[in-house]
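> Here is the input, now give the coordinates:
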Amino acid sequence: MGGKIKATDEARIELHKAKCFFEFNNKEEEFWEDFNRQIDVLLLMPEAFQVRYRNVRIVTLERFDYSIHYVVKPYGILIYRFLNQRQDY
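Numbers count the residues shown, from 1 in each chain. Next comes the predicted model:
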């Protein structure tokens with residue numbers, strides 16, 4: 001696709017919290033590798049993942065328990081949420 005990626009403010013905050021957590025645990029490099037690998041997949045094949053709710057698609061990181069909730073837009077991808085799958089709400 002070759003589009004752009006944008007993120008909501010909420011997604012940016014969630015990603016920042018994850019970055020801080022993995023930085024504290026000395027796993028920041030592995031986290032970014034996993035995250036960037038999934039972003040590359042999204043840019044190449046944004047519609048490869050099924051719609052789960054309200055046109056939102058979900059892709060999970062391979063190594064870490066996080067998921068990227070996104071929507072395909074004409075300009076590229078909009079990340080709505082970046083969620084920890086083990087978080088208790």
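> For this structure, just list every one of the strands.
Along the chain, the segments classed as strands by DSSP state E run 4-7, 51-53, 56-60, 66-73, 76-84.
> give me the beta-bridge partners of the residue nearest to the spatial centre of the chain?
Nearest to the mean C-alpha position of the chain, counting by Cα atoms, centre = their mean, stands residue 68 at 3.0 Å. With DSSP bridges as the criterion, residue 68 is bridged to residue 59, residue 82.
> what's the answer for the one 4 residues further on, then?
As for beta bridges, residue 72 partners with residue 77 under DSSP bridges.
> Distance of it relative to residue 40?
16 Å (Cβ to Cβ, to the nearest Å). Any C-beta I mention is one placed from the backbone N, CA and C, and that applies to glycine too.
> neighbour-wise, which of the two wins?
Remark: of residue 72 and residue 40, residue 72 carries more neighbours, 18 against 10, as counted by other Cβ atoms under 10 Å.
> need the contact list for that one.
Residue 72 is in contact with 46-47, 55, 57, counting by Cβ atoms under 8 Å, 6 or more residues apart in numbering.
> any idea how far the nearest residue to residue 6 once chain neighbours are set aside is from residue 69?
In space, and not counting its chain neighbours, residue 6 is closest to residue 78: 5.2 Å by Cβ to Cβ, 6 or more residues apart in numbering. Residue 78 sits 10 Å away from residue 69, going by Cβ to Cβ.
> For these two, indicate the residue with more neighbours.
residue 69 (20 against 17).
> Correct me if wrong: the more buried one contacts residue 82.
Yes. In this structure residue 69 lies within contact range of residue 82 using Cβ atoms under 8 Å: 7.4 Å.
> Now do the contacts for the residue nearest to the centre of the chain.
38-39, 42, 58-61, 79, 81-82.
> what does residue 39 give?
Shown in contact with residue 39 (Cβ under 8 Å, 6+ apart): 5, 68.
> chain center to stretch 53-61: distance?
Averaging C-alpha positions (Cα atoms, centre = their mean, to the nearest Å) puts stretch 53-61 9 Å from its chain's average.
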